[in-house]
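Novice: Sharing a sequence plus its predicted fold:
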Amino acid sequence: MSATDLLTLYRTRGLRIATAESCTGGMVSAAITDIAGSSTVFERGFVTYTNEAKIQMLGVLPATLDAYGAVSEQVAQEMAEGALRHSAADVAVSITGIAGPGGSEFKPEGRVCFGLATRTGTHTETVEFGALGRANVRRESVQKAIALLISAANQ
């Protein structure tokens, strides 16, 4: 499904979206707001590329970053919950990952962690896109985030 489908679904359900993005640098927000009339659904977006921004803007705990690193489901969860808490949205999606190039043995290129927070709970997952190249990992991450938002509205 597309961002247009997402907007139609959220408009129909009377839901609003917030995003918390790291490795995608605002690309999910851009995909949504590229569509005319998106302001009825898109509440706000946070681009928190550094750990300091995650802490200051979303309330991610320094202890969580120290224990698990920025690319972790634990941080993705706190990012999504923080975006929900610091907005008037009903659903928040977060993305943190290693788009590349590079990575490490423990956190390879193409590993992206997602968080999805609603007023009733949080879901996290990790996708191993592989070393597709920076642009492709980021593009695939945007599509995954849109899919997660659509699934949240359908529950």
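Specialist: That came through fine.

Novice: biggest helix in the chain by residues?
Specialist: For the chain, the helix that runs over the most residues, judged by DSSP state H, is helix 134-153.

Novice: Flag every buried residue along that helix.
Specialist: For helix 134-153, burial by neighbour count (16 or more other C-beta atoms under 10 Å) applies to 134, 137-142, 144-146, 148-150, 152-153. Every residue, glycine included, has its C-beta placed from N, CA and C.

Novice: so which pair among those is furthest apart in space?
Specialist: Greatest spatial distance among these (C-beta to C-beta): R134 and A153, at 29.5 Å.

Novice: ok, and for stretch 116-132, which residues are buried?
Specialist: L116, A117, T118, T122, H123, T124, V127, F129.

Novice: oh, I was asking about stretch 78-91
Specialist: Buried, per 16+ other C-beta under 10 Å, within stretch 78-91: E78, M79, A80, E81, G82, A83, L84, H86, S87, A89, D90, V91.

Novice: How far away from the center of its chain is the helix or strand containing T64?
Specialist: Here T64 is covered by helix 62-68, with elements defined by DSSP states H and E. Relative to its chain's centre, helix 62-68 lies at 19 Å (C-alpha atoms, centre = their mean, to the nearest Å).

Novice: who does it touch, helix- and strand-wise?
Specialist: helix 51-58, helix 73-85 (3 or more C-beta pairs under 8 Å, 6 or more residues apart in numbering; DSSP states H and E).

Novice: Out of these, which gets nearest to L15?
Specialist: It is, among the helices and strands packed on helix 62-68 and with distance given as C-beta to C-beta, helix 73-85, at 12.0 Å.

Novice: need the next SSE after that closest one, C-terminal direction.
Specialist: Trace forward from helix 73-85 with DSSP H and E and the next one is strand 91-97.

Novice: Listing partners with orientation, what would you give for that next one?
Specialist: Strand pairing for strand 91-97, using DSSP bridges, gives strand 17-21 (parallel), strand 111-118 (antiparallel).

Novice: Report the inter-axis angle for the last one versus helix 73-85.
Specialist: This means strand 111-118. Angle between the axes of strand 111-118 and helix 73-85 is 40 degrees (criterion: axes from the mean of the first three to the mean of the last three C-alpha atoms, to 10 degrees).

Novice: Quick test: name the residue nearest the centre of this structure.
Specialist: S94 (2.2 Å; C-alpha atoms, centre = their mean).
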